[in-house]
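Asker: make a model of this:
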Amino acid sequence: MKRKGLHFPIIKYKRVFLFFFSFFLFFFFCFVSCFVLKVLSLFFSSLFFLFLFSFFLSIFCCFCFHLLLHCHLPFFFLFLPGKYKIIPFLFLSVLPTRFHGNTMTEREEF
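Answerer: Alright, predicted model coming up:
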C-alpha cells in the first residue's frame, strides 16, 4: 500500500544537505562582510568605525542565519511563485522539530 502525501527523495540525504548548506551560508556571509568592509574602508579612515560596523554586521548575519534555520523559515517563502513553494518543506524536513516550542512530529510537517 502506498503512502499518501508528498515524497521527496532528497530527504534521505538531509544531514549532508544541511551540512553543505550551512557551509555555503557561512562563506557567503564572510564574502559579503569582507566586500562591505573593503568598500567602507575607502570612505572611513577611522578603524573604530570600521570595527563597529563589522561587529554589527556579524550580529545581523547571525540573526539572519538564526531565522533561516529555525521554524520562522516558511515566512521567507510566502511570496515565491508556484513551483518554488516546495523549498520550505525541504528545509523543514532537515531541521530539528523542537525549536521555540514547536512540537510538530515528522508526520505532521507535511
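
Asker: what average pLDDT does the helix or strand hosting residue 35 get?
Answerer: Residue 35 belongs to helix 14-43 when elements are defined using DSSP states H and E. Helix 14-43 comes out with an average pLDDT of 70.

Asker: which residues touch residue 28?
Answerer: Counting by Cβ atoms under 8 Å, 6 or more residues apart in numbering, residue 28 makes contact with nothing. Backbone N, C-alpha and C define where each C-beta goes, glycine included.

Asker: how is the protein divided into domains?
Answerer: Following automatic domain parsing, one gets these domains for the chain: 11-69, 73-110.

Asker: give the contact list for the closest residue to residue 33 other than its chain neighbours.
Answerer: In space, and not counting its chain neighbours, residue 33 is closest to residue 57: 5.5 Å by Cβ to Cβ, 6 or more residues apart in numbering. Applying Cβ under 8 Å, 6+ apart to residue 57 gives the contacts 33, 36, 37.

Asker: from these, list just the buried residues.
Answerer: residue 33 (16 or more other Cβ atoms under 10 Å).

Asker: got TSV for the contacts of residue 57, with distance to residue 51 too?
Answerer: Output for those, formatted as TSV (distance: Cβ to Cβ, whole Å):
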residue	distance to residue 51
33	12
36	13
37	10
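
Asker: out of the contacts of residue 57, which comes closest to residue 50?
Answerer: If you rank the contacts of residue 57 by distance to residue 50 using Cβ to Cβ, residue 37 comes first, at 6.5 Å.

Asker: surely that closest one meets residue 50?
Answerer: Yes: contact between residue 37 and residue 50 holds when scored by Cβ atoms under 8 Å: they sit 6.5 Å apart.

Asker: from residue 28, how far out is residue 59?
Answerer: As judged by Cβ to Cβ, to the nearest Å, residue 59 and residue 28 stand 17 Å apart.

Asker: er, residue 58 I mean
Answerer: 14 Å.
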